[in-house]
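Trainee: prediction below, plus the sequence it came from.
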Amino acid sequence: MISQNKSTHSPVSIVAIGAGNRMRTYMHYVLEHPEEVILVAVVEPNEFRRNALADLFHVPQQNRFSDYTCFFKKSVRADAAIICTPENKHFEPSMLAIQHGYHILLEKPIAQTLNECKQIADAARKANLLVGICHVMRYHPCFLKIKELVDSGKLGKIISINHTEGVGIDRDTHSYVRGIMNREKESNPMLLAKCCHDVDFLLWLTGSNCSRLSSFGSLRWFTKENAPKGSALRCIDCKVEQTCPFSAIDLYWRRREWIRNFDVPKGKTIEDAIQQELKEGPHGRCVYHCDNDVVDNQVLLMEMEDKTTIFMSMDIFTQFEFRSTRIQLTEGEIISDEKKVSVNIFKNHHQEVFDFTEALKKPYHAGADLKIFEDFIHAIGKEHKPFPTPIDDSIESHRICFEGERSRISGQTITLDKHS
């Protein structure tokens, strides 16, 4: 039987399904607050990751599972499942978790189709269970300030928004060219996989639904047709590696960036893991000779029901990861580069600047990741606090991303039925 009614003094019990980087991030909260939450089971096909996480929290061997179907066949008492599986494995474990009475904290995107997203939401509603979606931008101090400024009404009504998601070339080549999110079938369209956060934020900001949209984009650069002369299938064999801005050797070996997900088996070093990846792993491949099919540029244009217009751009060819937002309102404007928020007031030409440089030094998206986890635990625990990003609120942002991809492929402007 699954525990649903706990003593008011007992910690919330959770199951970790997926033990990758996102799960390890959330588990820092568990380490820091053992009086609030306890990890009772780990589900992860990768034996090294499964045991590393389970050992850290002294999870007994009988509660360590390589497959979520095996886990759900065994009755493990817990209050919630934290699901951080690959994107093409969100739907089934979510539905099984609901069937077994677990609340869920689900990493975005919800699922691979809008119908699957709605099925999870409907099942949770019928079972009276919370499914929370991890929309980190609603917790980020910079974007919280933008929301506060808009909601204050001091700058009037929003007329238009120009928002850019600067993915960053290193993140893109790691995750969306060489990595596990490089193909739509195994993950999702790039707009959904990377930008459902952004669409959720824009809907939250405007408080209005989208009435019609258009989208454009393509896989323009990282294809074999653009491979430079002398390139090879792997960077370690490449004659032009030294001059290539996308070199895996430079990214992982020289700069030591994006190596957090490289497993280091017992008796080995991180250097051994990097060398193994460069020689045999997917991250050692040439970016022009991968099996990627997700876009490397995309724009989304939205007209809202209140006639606010929004232009959102997903750019991967940026040196650094950043989001820039420019909001035009009737009595002023808001300009943000994710580090600072500048407010210009038309009437008196007054400018006010809010600096978040110091706040951003805090790890895990300026503490936003751990605050999401904290709010979820408090929502299902004795506090019963409302959770800010439940699945029902997240469905609309996912619908826009799915429809945006349909527009990109078909070349059509999509009119949205607000009742669909």
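Mentor: Structure's in. What do you need? Every value quoted in this text rests on a predicted model; they were computed, and no experiment measured them.

Trainee: and the end-to-end length of stretch 152-162?
Mentor: By Cα to Cα, to the nearest Å, the extent of stretch 152-162 from end to end equals 20 Å.

Trainee: now do the helices in the stretch 251-400 of the chain.
Mentor: With DSSP state H, counting those that start in this stretch as the criterion, the stretch 251-400 of the chain has helices at 270-280, 363-366, 368-380, 391-410.

Trainee: let's have these in a markdown table, adding distance to residue 180 and mean neighbour count.
Mentor: The C-beta positions use only the backbone N, C-alpha and C, and glycine is treated the same way. Output for these, formatted as a markdown table (distance: least, Cβ to Cβ, whole Å; neighbours: other Cβ atoms under 10 Å):
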| stretch | distance to residue 180 | mean neighbour count |
| --- | --- | --- |
| helix 270-280 | 13 | 16 |
| helix 363-366 | 21 | 16 |
| helix 368-380 | 20 | 21 |
| helix 391-410 | 19 | 21 |
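
Trainee: which one of those helices lies closest to residue 356?
Mentor: With Cβ to Cβ, the closest approach to residue 356 among these belongs to helix 363-366: 7.2 Å.

Trainee: chain center to the closest one, what's the gap?
Mentor: 13 Å (Cα atoms, centre = their mean, to the nearest Å).

Trainee: what average pLDDT does that helix get?
Mentor: Helix 363-366 carries an average pLDDT of 85.

Trainee: run through who's touching that helix.
Mentor: Applying Cβ atoms under 8 Å, 6 or more residues apart in numbering, the contact partners of helix 363-366 are 25, 28, 136, 139-142, 356, 359-360, 370.

Trainee: before we move on, what about stretch 196-208?
Mentor: In contact with stretch 196-208 (Cβ under 8 Å, 6+ apart) are residues 108-109, 135-138, 143, 146-147, 150, 158, 161, 163, 165, 209-210, 300, 302, 304-306, 308, 310, 312, 323, 327, 389, 393-394, 396-398, 400-401.

Trainee: just those: which are in strands?
Mentor: Among the contacts of stretch 196-208, the ones falling in strands (DSSP state E) are 158, 161, 163, 165, 210, 300, 302, 304, 310, 312, 323, 327.

Trainee: of the contacts of helix 363-366, closest to residue 265?
Mentor: Within those, the smallest distance to residue 265 is 21.7 Å, found for residue 25 (Cβ to Cβ).

Trainee: now name the helix or strand holding that closest one.
Mentor: helix 21-32 (DSSP states H and E).

Trainee: report the buried residues of that helix.
Mentor: 22-27, 29-30 (16 or more other Cβ atoms under 10 Å).

Trainee: alpha carbons of that helix, as CSV, please.
Mentor: Provided in CSV are the C-alpha atoms of helix 21-32 (Å, rounded to 0.1, in the frame of the first residue of the first chain):
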residue,chain,number,x,y,z
ASN,A,21,22.2,15.5,-13.3
ARG,A,22,18.7,16.9,-12.6
MET,A,23,17.9,14.4,-10.0
ARG,A,24,21.3,14.9,-8.3
THR,A,25,20.6,18.6,-8.2
TYR,A,26,17.2,18.1,-6.4
MET,A,27,18.8,15.6,-4.0
HIS,A,28,20.9,18.4,-2.5
TYR,A,29,17.7,19.6,-0.8
VAL,A,30,17.2,16.1,0.7
LEU,A,31,20.8,16.2,2.0
GLU,A,32,20.3,19.6,3.6
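
Trainee: picking up where we left off before, if any of the contacts of stretch 196-208 are buried, give me the ChimeraX selection for them.
Mentor: To isolate in ChimeraX the members of the contacts of stretch 196-208 that are buried, counting by 16+ other Cβ under 10 Å, one can use:
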select :108,109,135,136,137,138,143,146,150,158,161,163,165,210,300,302,304,308,310,312,323,327,389,393,394,396,397,398,400,401
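
Trainee: quick one: contacts for residue 133?
Mentor: 106, 108, 110, 389-391, 393-394.
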